[in-house]
Structures are given as C-alpha cells and as structure tokens.
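# Sharing a model prediction with you, sequence too.
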Amino acid sequence: MEAMQESIKQLYLSLTGKAWDAIEKIPQSGGDRIYFRIKQGADSYIATFNLNLKENETFIYFAQHFHSKGLPVPKVLAVTEDRKIYIQEDVGSTSLLDVLEKEGKTERVYQLFQKSLKALVQLQVKGDEGLDYAKCLTSKTFGKHAVLTDLLYYKYYFLDTLQYPYDKQALIDEFELLSDQLSDSHFNFFMFRDFQSRNIMVKGDEVYFIDFQGGMKGGMPYDVASLLWQAKAELSNEWKERLLNDYIQEASQVLGAPMDAVLFKKQYHGFVLLRLLQVLGAYGFRGLFERKAHFLTSIPLGLRNLRSFLEVYTLDKDTPVFAGILNWMVGEEVLSRFTPLQAT
C-alpha cells in the first residue's frame, strides 16, 4: 500500500507541482480497482490503481474519446508510464442511486433520471462516432456470442446452484434461439453495458458517467433496460414507461428521424430479461462463489425484479423449458432460500 501511495504521490506532483493536503481510500465496490480521493485546497481528484492493464487502457481511451466530444465523463489528467495508475477529475461521491435512496421518488429525482437518459443518447450516438472498437475490453460488438455468454453466465453461476432438474440440451437450444433474436439489432451504437444508477454521479444538478470500460457496439435499448430495471432502484412501472417514452423521443431528435417505437420496445423487453438474468449471474458469482455479502443480500431483490417483469411480459411459446424454469425460480420456495430469517 505504501509503494502504491508513493507512486500516486509522484504522479500527482508531476501533474500539479504541489503536495496534497490529504488522501483517503474510497471503499471498493464489485471490481478489483482501488480508488483514492486526493484533496488539495478546494481541488479534488480521483486516483485509480489497477493491475489489469487492458482494463486501464480501455477506460483511458474511452474517457479521452468521450471527453473530447463534450460528453459527461471525468477527464483523465495523468497516467503513470506502467499504466497501472491514473488520476482523473473528481465528479463527486454521490450517485444517482444515493439521491434516489435519500430523497425518494420525487419530481427532482425523476428529472435526474430523465437527464441521465438524455445524456445517454448523446453518449451512445456521439460516442460511437470515430470510436475505435478494437480497443474494447472484451467483445467489439454485442452480437450473438455476447448474448449467449450472458445467458450461460446466468446458467452456471445462478441457475445451476439451485439444483433444479431441467432438460439441459433443450435449454441450450432455447438459449441459441434467444441469442439469434436479441442480436438482431436495428439500433447499433455505443453500448455502455453497465448503465445503472450506481455509475451515474450527481454533482449539483449535473450528471456524469463512470465505469464505462465494459462498453462495446450494441443495441441502444440494452442500456435503457439496465437503468430502468435496476433491482436496487425499484422504479414503478409508471416511471419506467414514462422514462422509456422520454428516451425514445430524445433519441428520435438526436438521430434526426422518428424512431420505430414498436420495434424498439420489442427489443427493449428482450434486453430487460437478458439484463435481469445477467445481474442474477453476477450476484451468484460475487455472492455464492466469492462470498461477498452485498451481492448475497441482493439476490432476493433480483428475483423480485424478475418476478415483476414476468407479470407484465410473457416469454415466446418457442422457449417452454426456459419459461418453466423462470416461473419456478421466482416462486416463494427459491426466494425463501435467499431471504434472511426475520425475528418476530
């Protein structure tokens, strides 16, 4: 830790020519990156230490590209020669989820979600212009292979831990079919990939995006689905519908032509299901395998979110095995496995 802080100190000195007043470690979230907040007078910066050089390279490239187009991302100010440490602008410590949890579902919070979606359209469309997708962290495009990877991630790290008997080959066949349907996108631009209220920072009344290094070329509805159906946010169906329509209206203006709302919503619903499953896979991996408490306690939220989706959306008749699994999975028997006992 001392060697790491010394390297950060040298990078900061080369950037500002001054010694800092204070440096504090920021609590880690899901990834392996280590963050520090540096304070010097009225100025504040974020330093990141990460041994995954490919991830650093992608983030730095995306951040510089987006910032050059005036998009709401923090500016990268300095990077060490070994690319393990970088310093960026501090866009505050308050996420959109923090604001939602503190203020509730107020008109101001609705407007912040609306503003986030409008800024998302700009990021997707303007960010796509001239972006070198060869620099993506994993896949360049969110095609059939990426969709199938998400479905299998859910299968191995969540579904299979439940030890439910099902026809494995039939499920794989249905996953193949779903992958074909969901990768047939008509709205391909930059896909943030993890667009949720934790990754939207609120400073004053402005919003900024962080953690976009997992992005790739893909369908615009995926990011909208990620934000509106985030389990922790628990947005009402009325808010989801209004915000979805706000987004479609904004996207039509930015693209300069009316968007096919029926086609967009059909793909959106498919992506909602995929996103809910991918999140359960992540909760399973981080919670059941890595034993991280935050993710374990999030599993009931994820299951209830999936249940509320299945109440308003019916799976196609050509995926009966998968439909049966999902309906069993959101039942009380599975939910009770992950819900802590409450004292009376």
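On my side now, so go ahead.
# Assess the claim that Val330 and Leu303 are in contact.
Yes. Contact criterion CB atoms under 8 Å: Val330 and Leu303 qualify, at 5.7 Å. C-beta coordinates here come from the backbone N, C-alpha and C atoms, glycine included.
# out of the two, which sits in the busier spot?
Looking at Val330 and Leu303 with other CB atoms under 10 Å, you find the greater number of neighbours at Leu303, namely 23 against 19.
# Point me to the helix or strand that includes that one.
Element membership for Leu303, per DSSP states H and E: helix 293-312.
# And for Ala146?
Going by DSSP H and E, Ala146 is in helix 144-157.
# What strands flank whichever strand or helix holds Ile46, and is each parallel or antiparallel?
Here Ile46, judged by DSSP H and E, is contained in strand 43-49. Using DSSP bridges, the strands paired with strand 43-49 in its sheet are strand 34-40 (antiparallel), strand 85-89 (antiparallel).
# Columns mean neighbour count on top of those, output as TSV?
Listed next are the strands paired with strand 43-49 as TSV, based on neighbours: other CB atoms under 10 Å:
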stretch	mean neighbour count
strand 34-40	17
strand 85-89	21
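# Could you dump those strands into TSV with mean pLDDT and distance to His65 added?
Output for these, formatted as TSV (pLDDT from 0 to 100; distance: least, CB to CB, whole Å):
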stretch	mean pLDDT	distance to His65
strand 34-40	96	22
strand 85-89	97	14
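# right, so of these, which gets closest to Gly287?
Ranking the strands paired with strand 43-49 by their distance to Gly287 (criterion: CB to CB) puts strand 34-40 first, at 21.4 Å.
# ok, the residue nearest in space to the middle of the chain - contacts?
Closest residue to the average C-alpha location of the chain: Asp194 at 1.6 Å, with CA atoms, centre = their mean. Residues near Asp194 by CB atoms under 8 Å, 6 or more residues apart in numbering: Asp211, Phe212, Gly214, Ser226.
# Output the below-cut-off pLDDT ranges for the chain.
For the chain, applying pLDDT under 70 flags the ranges 29-31, 341-344.
# what do you get if the cut-off is 90, keeping everything else the same?
1-3, 27-32, 138-139, 181-186, 204, 292-294, 312-318, 339-344 (pLDDT under 90).
# which residues in it form strands?
22-26, 34-40, 43-49, 76-79, 85-89, 188-191, 200-203, 206-209, 216-219 (DSSP state E).
# Pick the one among the contacts of Asp194 closest to Phe289.
Taking CB to CB as the measure, Phe289 lies nearest Gly214 of the contacts of Asp194, at 19.6 Å.
# which residues touch that closest one?
With contact set as CB under 8 Å, 6+ apart, Gly214 has these partners: Leu137, Thr138, Phe192, Arg193, Asp194.
# if you set the cut-off to 10 Å instead, what comes out?
Residues counted as contacts of Gly214 (CB atoms under 10 Å, 6 or more residues apart in numbering) are Glu55, Thr58, Phe59, Phe62, Cys136, Leu137, Thr138, Ser139, Met191, Phe192, Arg193, Asp194.
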